[in-house]
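Participant: from the sequence below, what's the structure:
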Amino acid sequence: MGRPGQESIRNIGIMAHIDAGKTTVTERILFYTGRLHRMGDVDHGTAAMDWMPQERERGITITAAATTCTWRDHRINIIDTPGHVDFTVEVERSLRVLDGAVAVFCGVGGVEPQSETVWHQADRYGVPRLAFVNKLDRQGSDFDMVLGMMRERLGAKPLPVCIPIGSGSDFSGIVHVLDGVAMRFDQESLGVEIHTEPVPAGMKERYEAARDEMWEAAALLDDRAMERYFAGELGREEVRSLIRRGTIEGRFVPVLCGSALRNAGIQPLLDAVVDWLPSPSELPAVTGTAPDGRAAMRQRTEDEPFTALVFKIQSDDHLGRLAYMRVYSGVAADGDTVLNNRTGRKDRLARLLRMHADKRTHIEEIAAGDIAAVGLRGAATGDTLTDMDHPIALEPIVFPDPVMQMAIEPESTRDEKALEEALADLTGEDPTLRTGIDEDSGQLLIRGMGELHLEIVADRLKREKRIKVRTGRPQVSYREGVSDRAEAESEFEREIGGRRNFGHARLAVSPIRSGIEFVAGSRAAELPAGIVEAVRTGVMGAVGAGPIAGFPLDGIRIELVEARLHESDSSEIGYSTAAAMALRNAVSSACPILKEPVMKVDVVCPGEYVGDVIGDISARRGRVSSMEPRGEVSLVDARVPLAELFGYTTSLRSLTQGRASYTMQFLEFAEVPPAAALALKQRMGIACNPADAAGRG
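Facilitator: Below you'll find the predicted structure:
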């Protein structure tokens, strides 16, 4: 397949809540486009896109997998993303480089918690979307309910472009509103043959209402189209074109439907991807920063200098370290030399590859609008690769901090070096995986986004790296904050390397909701910029360890109130050191507190067990925010400290005879209540004082 023009490329992601069926949708897309000759099955571990052993055993997607297929002479680059909250980072970095997305919703569950998370991630990056309501053959499915949930929970404007014929066991096809026909998908040919027929008589009224809604939504985008609409002259092809415009502008979200498992509705979805999601050339220029600090821009054309963003790193047994990159401008050939703007190093594009999950095809060049993998030893996620003579740094990808940690060690001391190297590979692949040493015990710690995340890491070490390891019980990663305002000052004066170094800083700290905020007060505004920057450097270097137990600081506003100058000895190292000392003193005086990660927990359970589930949540220091009946089941929305959720899966199964399920996602760091804080300090061997009884100190 030759290199197509940008107008014939679609870069899309498939995103959804776990078990909504997005990997099955992707498998059907690959089958109908001829990329696969045999359909894979998630339940039987044969899905092509779930290539990792851990994915096939658990029936879930863990890592974003890339592939390419062709439909109506358009190249579609697809990234199949995970639906489990522990691997949200894979969705985050995929959306950063995609031009469009397909959000898959379960026809029974509707807009589920992780669906909300990925939808808002797409909002943040301004990614145009289609929606596909799946599993309409399941008992209890309700297409209109899903549309309502999209409006209420996502703030979206869904535009049904297909409507289902029947539901549950009566589901038999779809009505394509724009074309005005019913479509039945022949099961003997695995849905390849599509029979079109007139809209069923019993659906005429619903079809006409959907058609009126579609024509009106299209007409509202253009004044002249509105005139033709009122005159009854707005044609089908013009409506098709206007829907494309409305989708790209985010005015509405076309909604399709079907059942991927029953091979129904996938071809209209592919048509919608080609017709309504944008090509790379239709999107605005990318912006970044030039070496001199000024804003810079790249148009998305092949005529511009080469610019690409590395969005994923993957270790390959045969080719070593592969970097997945999205090219925004220019053209690069296999073997070309490019500049890594983070490291300042020249790197050679050792081998350009078109990926299909874990399989690969060598290609000669890559151009603006495309996605490929390349052998790059020193690259990391978020790096910008550019033409040597035209450097630009694109905005990096921001990742959340880990909320859970676990001790790990090799069974044999001979494997210590191998474990260190293996973890370096894994942390290079996964920016939310961190490693560190416990200062008290000297143990090696791995930090991640949840129990499953850490479990997968340990399993990969054993299988892929062939290192036998022992792991401890996962532990929560706490933070430290302040509950009051306090000021402190510190002065540093010392001779270093034969030169006197002086620094002074008075800082004020106060609580905020989250993060670390540094500001220079009105009195400090007149200080030289170098002094303020040195203070900032000292402060940011000291926020990694609080005064209670050495946990990182969070939720603190730090104000530089004053910094005295010395006529001859003022130095950056002096002000940096003084600021770090002043920060420690100020935090210690501001009633420091322990903060713990609190999770948003959504439990779906039969109505008869709701009372038991709510009682168990309360016993875990949780707080129920809402309870929503949904047919025969109820959705319980709660806020629960992560420390109380270890083993929750087993407990919930026991309470509900295995009939309930739950999902959770990180919400915020909140203060640990007094009694729990006291017990935590005692477990950790931290000296307690009378203030602990009130939850302070």
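Participant: residues in contact with the residue nearest to residue 141 when sequence neighbours are not counted?
Facilitator: Counting by CB to CB, 6 or more residues apart in numbering, the nearest residue to residue 141 once its immediate chain neighbours are dropped is residue 107, at 3.3 Å. Every residue, glycine included, has its C-beta placed from N, CA and C. For residue 107, the contact set (CB atoms under 8 Å, 6 or more residues apart in numbering) comprises 133-136, 138, 141-143, 146, 167, 257.
Participant: ok, residue 81 next?
Facilitator: Per CB under 8 Å, 6+ apart, neighbours of residue 81: 13-15, 22, 61, 64, 90-91, 94, 118.
Participant: now the helices for the stretch 551-697 of the chain?
Facilitator: Applying DSSP state H, counting those that start in this stretch to the stretch 551-697 of the chain gives helices spanning 572-589, 610-619, 648-656, 674-684.
Participant: need the mean per-residue confidence for the last one.
Facilitator: Meaning helix 674-684. Taken as a whole, helix 674-684 has an average pLDDT of 82.
Participant: likewise the longest one?
Facilitator: Per-residue confidence for helix 572-589 averages out to 95 on the pLDDT scale.
Participant: tell me what that helix is packed against?
Facilitator: strand 486-496, strand 499-511, helix 529-542, strand 556-562 (3 or more CB pairs under 8 Å, 6 or more residues apart in numbering; DSSP states H and E).
Participant: repeat the analysis, applying 7 Å as the threshold.
Facilitator: In terms of contacts (3 or more CB pairs under 7 Å, 6 or more residues apart in numbering; DSSP states H and E), helix 572-589 is packed against strand 486-496, strand 499-511, helix 529-542.
Participant: take these and lay them out in JSON lines including mean pLDDT.
Facilitator: As requested, the helices and strands packed on helix 572-589 are exported to JSON lines (pLDDT from 0 to 100):
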{"stretch": "strand 486-496", "mean pLDDT": "93"}
{"stretch": "strand 499-511", "mean pLDDT": "94"}
{"stretch": "helix 529-542", "mean pLDDT": "93"}
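Participant: quick revisit: looking at the helices of the stretch 551-697 of the chain, which is buried most?
Facilitator: helix 572-589 (a mean of 23; mean count of other CB atoms under 10 Å).
Participant: which residue, neighbours along the chain excluded, lies closest to residue 314?
Facilitator: residue 322 (4.8 Å).
Participant: contacting residues for the one you found?
Facilitator: Shown in contact with residue 322 (CB atoms under 7 Å, 6 or more residues apart in numbering): 314, 316, 373-375.
Participant: over to residue 178?
Facilitator: Residue 178 neighbours (CB under 7 Å, 6+ apart): 161, 214, 236, 239-240.
Participant: go again with 10 Å.
Facilitator: 161-162, 210-211, 214-215, 218, 236-237, 239-240, 243, 254, 268, 271-272, 275 (CB atoms under 10 Å, 6 or more residues apart in numbering).
Participant: look up phi and psi at it.
Facilitator: As for residue 178, its main-chain torsions (degrees, to the nearest 10) stand at phi -70, psi -40.
Participant: pLDDT check: weakest of the contacts of residue 81?
Facilitator: residue 61 (52).
Participant: next secondary structure after the helix or strand where residue 96 lies?
Facilitator: Taking DSSP states H and E as the criterion, residue 96 maps to helix 88-97. Sequence order places strand 100-106 as the next helix or strand after helix 88-97, per DSSP H and E.
Participant: next helix or strand past that following strand?
Facilitator: helix 113-125.
Participant: who's in contact with the residue nearest the centre of the chain?
Facilitator: Nearest residue to the geometric centre of the chain (CA atoms, centre = their mean): residue 92, 2.7 Å. For residue 92, the contacting residues are 64, 81, 117-118, 121, 124-125, 311, 397-400, 431-432, by CB under 10 Å, 6+ apart.
Participant: which regions of the stretch 201-350 of the chain sit below the pLDDT cut-off?
Facilitator: 317-319 (pLDDT under 70).
Participant: recalculate using a threshold of 80.
Facilitator: 315-320 (pLDDT under 80).
Participant: quick one: the helices in it?
Facilitator: Under DSSP H, counting those that start in this stretch, the stretch 201-350 of the chain gives helices at 204-219, 223-230, 236-248, 266-276.
Participant: highest average neighbour count across the ones you listed?
Facilitator: When the helices of the stretch 201-350 of the chain are compared using mean count of other CB under 10 Å, helix 266-276 is most buried, at a mean of 21.
Participant: and the angle from that helix to helix 236-248?
Facilitator: 80 degrees (axes from the mean of the first three to the mean of the last three CA atoms, to 10 degrees).
Participant: and helix 266-276 with strand 100-106, angle?
Facilitator: 150 degrees.
Participant: now helix 266-276 - C-alpha only, CSV.
Facilitator: Only the C-alpha atoms of helix 266-276 are listed here, as CSV (Å, rounded to 0.1, in the frame of the first residue of the first chain):
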residue,chain,number,x,y,z
ILE,A,266,-19.7,-2.2,11.9
GLN,A,267,-19.7,-1.2,8.2
PRO,A,268,-21.8,1.9,8.7
LEU,A,269,-19.4,2.8,11.5
LEU,A,270,-16.5,2.5,9.1
ASP,A,271,-18.4,4.7,6.6
ALA,A,272,-18.9,7.3,9.4
VAL,A,273,-15.2,7.3,10.2
VAL,A,274,-14.4,8.1,6.6
ASP,A,275,-17.2,10.5,6.1
TRP,A,276,-17.3,12.5,9.3
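Participant: sweet, I'm off.
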